[in-house]
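1. need a structure here:
(one chain, ligands or ions: 2)
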Amino acid sequence: MARILGIGNATLDIIHSVDAYPHENAEIRCSDRVSRRGGNTANLLAVLVQLGHDCSFAGMLTDDSDGRRVSADLVSNRIDITPCRTSNTGTMPVSSVLLSMATGSRTIVHYRDLPEYSFQDFAKLDLQAFDWLHFEGRNITGLRDMLHRSREHYPAVPCSLEVEKPHAGIERLFGLADVLLFSRDYARQCGFEQPERLLRAIHADYPEAGVFCSWGEAGAVAIDRQGSLFRQPAVAPGTVVDTLGAGDTFNAAVIHGSLAGLDTTALLQQACELAGRKCAQAGFAGLVQQ
Ligand code: ADP
Ligand code: FRU
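-> Ligands and ions are numbered 1, 2, ... in the order given. A predicted model of the protein is given here:
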């Protein structure tokens with residue numbers, strides 16, 4: 001069991017299940033509508049808790065009904081929220097999600113007016129208490145200072161960085177993390193139609209990092225620090241029910257496998273297995289069987 005700190009987002013997700021993704025300007029009914037707590041880092045920590053780790057969340061909350069609901073959910077998932085800051089401006093980030101029953105795809109429209117978790121908030125934390133630090137790749141200036149502080153003062157604590165979107169300047173953070181977790185979305189927006197090509201380019205510039213890229217139903221690819229490339233097909237669930245947070249589950253499993261010292265083949269395999277299992281169920285509850 002490791003002590004893991006995740007720095008990033010918690011959100012409120014409003015999820016509409018639709019038979020198929022609609023055309024623009026259509027009016028359709030959804031077959032189900034649920035709202036639940038989401039957010040890349042919050043989801044990832046919820047999975048890591050189930051995998052047996054002690055997790056703390058450093059992010060922004062609000063002192064209103066949405067914020068209290070999100071905090072209560074984090075606490076009920078046994079995530080420590082003492083590193084969080086409560087903002088007196090803005091609202092909890094909200095994702096409106098269309099979940100297609102035809103394909104399992106999830107289309108996300110995200111609203112955010114909440115201030116970012118700052119370097120000043122982060123600097124108050126005692127990082128010595130943690131075995132692993134995970135950073136969500138956003139708020140690039142703040143994150144750069146956080147990563148520098150972690151590297152300078154706590155060089156022995158491994159850091160992972162999730163790279164989901166090509167935020168301006170995010171590449172400047174790559175050299176500061178031990179594990180880089182790329183999304184298909186990031187690869188495509190950077191002009192890579194195959195994960196291997198992105199990872200080879202990244203490895204050439206940052207050979208000290210283990211690099212991973214998940215690719216939906218095609219599985220995932222990794223390059224280790226020796227430059228060897230590993231491919232793992234997706235582990236298809238019987239029926240794809242809900243892919244929202246599959247990437248967060250994959251990333252959680254990569255951190256778990258790295259902490260357990262798994263080799264890259266075994267690590268990728270268990271990450272795709274767990275992410276595949278997540279796709280077969282709604283949400284994250286009970287994902288890891290005890
Ligand atoms: P994100 O949620 O960030 O978009 P991906 O779509 O890349 O992430 O999915 C992460 C992982 O989840 C993949 O590597 C794969 O193992 C698994 N996965 C995603 N979609 C499916 C699917 N339709 N069938 C089986 N596994 C899937
Ligand atoms: C899934 C997710 C959702 C959230 C959105 C934020 O990966 O974390 O829970 O609303 O992405 O980008």
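2. wait, what's in contact with Ala271?
-> Applying Cβ atoms under 8 Å, 6 or more residues apart in numbering, we find Ala271 in contact with Phe212, Ala220, Gln232, Phe250, Ala253, Val254, Gly257. Any C-beta I mention is one placed from the backbone N, CA and C, and that applies to glycine too.
3. In helices only, show me the residues you listed.
-> In helices, judged by DSSP state H, the following of the contacts of Ala271 are found: Phe250, Ala253, Val254, Gly257.
4. just those now: which is nearest Pro83?
-> Closest approach to Pro83 among the ones in helices among the contacts of Ala271 (Cβ to Cβ): Val254, at 22.2 Å.
5. any idea which element the nearest residue to the closest one once chain neighbours are set aside lies in?
-> Spatial nearest neighbour of Val254, excluding adjacent residues (Cβ to Cβ, 6 or more residues apart in numbering): Ala271 at 5.2 Å. Per DSSP states H and E, Ala271 falls inside helix 264-279.
6. That helix and ligand 1 in contact?
-> Yes. Helix 264-279 comes into contact with ligand 1 (Cβ under 6 Å from any ligand atom), by way of Cys272, Ala275, Gly276, Cys279.
7. looking at these, which has the most residues close by?
-> In terms of neighbours by other Cβ atoms under 10 Å, these top out with Ala275 at 29 neighbours.
8. Skip the chain neighbours and tell me the closest residue to Ser17.
-> Excluding its sequence neighbours, the residue lying closest to Ser17 (Cβ to Cβ, 6+ apart) is Asp32, at 4.1 Å.
9. cool, and Arg200?
-> Ile223 (6.9 Å).
10. Around the one you found, count how many other residues there are.
-> The tally of other residues near Ile223 (other Cβ under 10 Å) stands at 25.
11. surely it meets Cys213?
-> No. Using Cβ atoms under 8 Å, Ile223 is not in contact with Cys213; the gap is 9.1 Å.
12. between these two, what contacts are shared?
-> Leu199.
13. Strands of the stretch 101-250 of the chain, start to end?
-> Secondary structure of the stretch 101-250 of the chain by DSSP state E, counting those that start in this stretch: the strands cover 106-111, 132-136, 159-163, 179-182, 210-214, 220-223, 229-232.
14. So what's the gap between the third one and the chain middle?
-> Offset of strand 159-163 from its chain centre (Cα atoms, centre = their mean, to the nearest Å): 9 Å.
15. same thing with the first one?
-> Between the mean C-alpha location of strand 106-111 and the chain-wide mean there is a distance of 15 Å, by Cα atoms, centre = their mean.
16. Would you give the sheet partners of it, along with the direction of each?
-> Strand 106-111 pairs in its sheet with strand 94-100 (antiparallel), by DSSP bridges.
17. which residues of the stretch 51-200 of the chain fall in helices?
-> Applying DSSP state H, counting those that start in this stretch to the stretch 51-200 of the chain gives helices spanning 65-76, 119-123, 140-153, 184-189, 195-205.
18. neighbouring contacts of the shortest one?
-> Pointing back at helix 119-123 there. Ile7, Ala58, Pro83, Arg85, Gly142, Asp145, Met146, Arg149.
19. Good, we can wrap up now.
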